[in-house]
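> Predicted model follows, preceded by the sequence.
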Amino acid sequence: MERKKLLLLHPSEYEHEFDRKALKNLEGNQGLEKFMKKIYKHSIERINRISHSGSFLKITSKNFPEIYELLEEGCANIHLKEIPDLYVKREDSINAFTTGVKNPLILLHTATIDHLTPDELLYIIGHEVGHIKSGHMLYHDMAQYIKFAGEIVGEATLGIGSLISRGLEYPLLHWARMSEFTCDRAGLLTCQDLDVAMDVEMKMAGVPNKYCDKVDNKEFIKQAKEFEGYDHDSLDKVAKTYLIMEQTHPWSVMRASELLKWYETGRYDEIVDKHGKDSIEELEISCTNCGRMLKGTESFCGVCGTKVGNR
Ligand SMILES: [Zn+2]
Ligand SMILES: [Zn+2]
């Protein structure tokens, strides 16, 4: 299938409303800035990068050209100019992970490569590229660090009251979960095939390895659609906390359900039509802030000064 490069795609065009809401709530949290300062003081981002680049296999255009090409295509398809580093880690679950703010790196589990087709791998890569494109990495990493913040530097050294860290943990992890919905959309915009996206969510939900090369997603889609009445906002805090703290499974059925709902609004097709042109000159784009029509070649909107495009 011919896939389109979605020129000048802006992440606000596919951001999930739960993501936006959770982010607003998180940014109002008083412990956030304090915690970030501590993290930076202890150079945790640098340590984190060293630990990844010193432990896992780096994928380049030389050693695994087919995989690297998917990364390049993924970045091109949703318009991320700087190609992040890609690593692979021996791990039995189908999943991937991105870390790092200044120099983000994507980490694929070996099972992801073993049990997904190239198109499916592109969906996963697009999801991870989406986190970088949306600028998720800062809070995303905070959500990782907060779980073992005490262990890394010791509660006393970190000097962050456990009350603050506890009060911050929920909004941070909640937002991190909600950001997955946005990035599944990025994955779909990258691989440009809903069936492929559903196959991947299904495999992540638990298709046994020996069935991975012959999945049929019809029943899974039915299961996902049964979730459509689900309203996250109506859940009470205890229920939400339970869902968020349950970290081990990736919530694939719910994610598939959210992605299907979005696809059915027609928004996906609209975005592909709007951005899938051969050159920037052919795009009909408007400022995401004030709505003014733009040529596409400018860096900032001439009316309100908003930055045009994203990286
Ligand atoms: Zn993600
Ligand atoms: Zn404007």
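Cool, got the structure. Numbering: from 1, shown residues only. Ligands and ions are numbered 1, 2, ... in the order given.

> Kindly check the end-to-end length of stretch 85-104 for me.
By Cα to Cα, to the nearest Å, the extent of stretch 85-104 from end to end equals 7 Å.

> Check whether it comes near ligand 1.
No - Stretch 85-104 does not reach ligand 1 (Cβ under 5 Å from the ion); its nearest approach is 7.1 Å. The C-beta positions use only the backbone N, C-alpha and C, and glycine is treated the same way.

> Pull out the buried positions in that stretch.
Under the neighbour-count criterion of 16 or more other Cβ atoms under 10 Å, stretch 85-104 has 85-89, 91, 94, 96-101, 104 buried.

> Pipe those into TSV and attach secondary structure, pLDDT and distance to ligand 2 per row.
Formatted as TSV, these follow (DSSP: H, G, I helix; E, B strand; the rest coil; pLDDT from 0 to 100; distance: Cβ to the ion, whole Å):
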residue	secondary structure	pLDDT	distance to ligand 2
Asp85	strand	96	34
Leu86	strand	97	35
Tyr87	strand	97	38
Val88	strand	97	42
Lys89	strand	95	42
Glu91	coil	92	44
Ile94	coil	91	41
Ala96	strand	94	35
Phe97	strand	92	35
Thr98	strand	93	30
Thr99	strand	92	33
Gly100	coil	91	31
Val101	coil	89	27
Pro104	coil	93	28
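
> Now Ala176. Nearest residue, chain neighbours left out?
Ala143 (4.0 Å; Cβ to Cβ, 6 or more residues apart in numbering).

> On the three-state scheme, the one you found is what?
helix (DSSP: H, G, I helix; E, B strand; the rest coil).

> if we can go back for a sec, pull the most distant pair out of the buried residues of stretch 85-104.
Spatial extent of these (Cβ to Cβ) is set by the pair Ile94 and Val101 at 25.8 Å.

> The residue nearest to Ala176 reaches Met178, doesn't it?
No - if you go by Cβ atoms under 8 Å, Ala143 and Met178 don't touch, sitting 11.0 Å apart.
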